[in-house]
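>>> Need a 3D model of the following:
(one chain, ligands or ions: 1)
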Amino acid sequence: MKISDIRATTVAVPLEAPLRHSNGAHWGRFVRTIVEVEADNGLVGLGEMGGGGESAEAAFRALSPYLVGHDPFELEALRFKIANPTASLYNNRVQLLAAIEFACLDLIGQQFGVPVYDLLGGKVRDTVPFASYLFYRYPDPRHGAAEVRTPEQLAAHAVALKRAHGFTVHKFKGGLYPPEYELECYRALAAALPEDLLRYDPNGVLSLAEGIRFGKAIEGLNNDYLEDPVFGLEAMREVRGRVRVPLATNTVVVNFEQLASNVLRRSADVVLLDTTFWGGIRPCLKAASVCETFHLGVSVHSSGELGIQLATMLHLGAVLPNLTYAADAHYHHLMDDVIVGGRFRYRDGRIAVPETPGLGVRLDRDKVAEYAELYRELGPYPYDRDPSRPGWYPLVPNDRWDDPAAELAPID
Ligand SMILES: [Mg+2]
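Model (predicted):
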């Protein structure tokens, strides 16, 4: 089997409501690049990458001379061909490599008639647990989505998600409002969901003093972990030494060098593996093995996935023996998906691992056309801008918090 063609299509899929975070907002949709890698036997493997547009599509097209004629089984060769570690310092292709790795694994699985998890050592679970992912959000009356801003609204939102999908772990994305206000919100979650585990993730924007203060203030609550309260391995290590809550990261342990540092001088207890940012599913498995050896926890990070990327997270989650934490996913915020059969469904807070060959997802061509058209209509959105705060940008550590009483701008 040899690769014969590669195609990339940008889609925009609507969210239930625009989501706010420490750097800006998701403006009511996710923009993703759908990658199709075709082989000379007629099979098509699927990949996905965050973001999109002409430059992303051109970046995939530019890899065609590297890929056409390449055997999809030769995954290690692929890594060095496209993103060897020193050339990658300049060409920044790790995320492209990840999307192509997904597609190659999909091709191999289809060729053998086996699910991707069987290519990765076999599954140790049939379903993968997920956390709810709670954001402050704009209201969107078109989808019946209420605003989330106050502690009461946040708690009600979490309870509604638990009722709908069965979550027993809840991740609260903060870093938007002053830390003492977000602490109130976190306490409201703990009061509303006394049996459930909680995570707080301000995306590393707290100062060291605020991070320690926040961590100490939640010590008595039912915490799963505190995620990136501060930015940097050293700052995390300082918080970890002073706060009796496990620390997790998806920002400062995102490659093997940083993982080695974290083994030698522990800054984070839990590493969130991302199938895109680590360069594929297989690098995540390698990293998870290191974590297993050194008793670091692992979880699965979410980069705002559609169904193809979610499938990579499910196959990864299926084979990790040391997945002792629920995975993250933005997925429940989506209104739709581009895969045949529509969105994956949660049951008791878990999603079943696909059982059909390859990644186990196929493109719904009508949906791809519909959401490619929506992308052409709406275009990209600036992830690091919030429509209600024109001209604003955060510092790290931040002190330019939004005012919880401020009016929100209308958003499309
Ligand atoms: Mg995070």
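
>>> Which parts of the stretch 101-250 of the chain are helices?
116-119, 151-165, 179-192, 208-217, 233-242 (DSSP state H, counting those that start in this stretch).

>>> looking at the ones you listed, which is closest to Met335?
Between Met335 and those, the shortest separation by C-beta to C-beta is 14.0 Å, and it involves helix 151-165. C-beta coordinates here come from the backbone N, C-alpha and C atoms, glycine included.

>>> mind listing what's buried in the closest one?
By neighbour count on 16 or more other C-beta atoms under 10 Å, the buried set for helix 151-165 is Pro151, Gln153, Leu154, Ala155, His157, Ala158, Val159, Leu161, Lys162, His165.

>>> Which residues does it contact?
The contact list for helix 151-165 (C-beta atoms under 8 Å, 6 or more residues apart in numbering) reads 130, 132, 134, 136, 146-148, 167-168, 170, 172, 184-185, 187-189, 191-193, 196, 332, 346, 349.

>>> residue boundaries of the strands in the stretch 251-400 of the chain?
270-273, 297-300, 350-352 (DSSP state E, counting those that start in this stretch).

>>> Of all those strands, which one is nearest the ion?
Of all the strands of the stretch 251-400 of the chain, the one in closest proximity to the ion, counting by C-beta to the ion, is strand 270-273 (6.5 Å).

>>> what's in contact with stretch 89-96?
Met49, Gly50, Ala59, Phe60, Leu63, Ile82, Ala83, Ser88, Thr276, Phe277, Trp278, Gly279.

>>> quick one: Tyr136 from the ion, how far?
Taking C-beta to the ion, to the nearest Å as the criterion, Tyr136 is separated from the ion by 15 Å.

>>> What number of residues are in the vicinity of that residue?
Neighbours of Tyr136 under the rule other C-beta atoms under 10 Å: 26.

>>> and the closest residue to the ion within the stretch 301-412 of the chain, what does it touch?
For the stretch 301-412 of the chain, the nearest residue to the ion under the criterion C-beta to the ion is His301, separated by 6.8 Å. Residues in contact with His301, defined by C-beta under 8 Å, 6+ apart, are Asn250, Leu272, Leu273, Asp274, Phe277, Asp328.

>>> Intersect those with the contacts of the ion.
Asn250 (C-beta under 5 Å from the ion).

>>> Any idea which of the contacts of stretch 89-96 the model trusts least?
Among the contacts of stretch 89-96, Ser88 carries the weakest pLDDT, at 83.

>>> picking that back up, can you say which of the contacts of helix 151-165 are buried?
By 16+ other C-beta under 10 Å, these give 130, 132, 134, 136, 148, 167-168, 170, 172, 185, 187-189, 192-193, 196, 332, 346, 349 as buried.

>>> Next, give me the two most distant ones among the contacts of His301.
So, the contacts of His301 by C-beta to C-beta: farthest apart are Phe277 and Asp328, at 12.8 Å.

>>> These two: who's more crowded?
Between Phe277 and Asp328, counted using other C-beta under 10 Å, Asp328 has the larger neighbour count: 27 against 19.

>>> Count the neighbours of the nearest residue to the more buried one once chain neighbours are set aside for me.
Spatial nearest neighbour of Asp328, chain neighbours left out: Ser302 (4.1 Å); criterion: C-beta to C-beta, 6 or more residues apart in numbering. A total of 21 residues lie near Ser302 under the criterion other C-beta under 10 Å.

>>> what does this structure put close to the ion?
Asp201, Glu227, Asn250.

>>> okay, now the domains of the chain?
Domain segmentation of the chain under automatic domain parsing yields 3-113+366-378, 118-363.

>>> possible to save the helices of the stretch 101-250 of the chain as CSV with mean pLDDT and distance to Trp401?
Output for the helices of the stretch 101-250 of the chain, formatted as CSV (pLDDT from 0 to 100; distance: least, C-beta to C-beta, whole Å):
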stretch, mean pLDDT, distance to Trp401
helix 116-119, 98, 43
helix 151-165, 98, 16
helix 179-192, 98, 8
helix 208-217, 98, 11
helix 233-242, 98, 19
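
>>> Test my guess that Val300 contacts Val319.
No. Using C-beta atoms under 8 Å, Val300 is not in contact with Val319, being 11.5 Å away.

>>> how close does His332 get to Gly174?
In this structure, His332 and Gly174 are 18 Å apart, going by C-beta to C-beta, to the nearest Å.

>>> How about Asp224?
Taking C-beta to C-beta, one finds Asp224 at 15 Å from Gly174.

>>> Settle it for me: which of the two has more neighbours?
Gly174 (27 against 23).

>>> Next one, pLDDT for the more buried one please.
98.

>>> who's in contact with it?
By C-beta under 8 Å, 6+ apart, the neighbours of Gly174 are Ser22, Tyr136, Glu182, Cys185, Tyr186, Tyr200, Asp201, Pro202.
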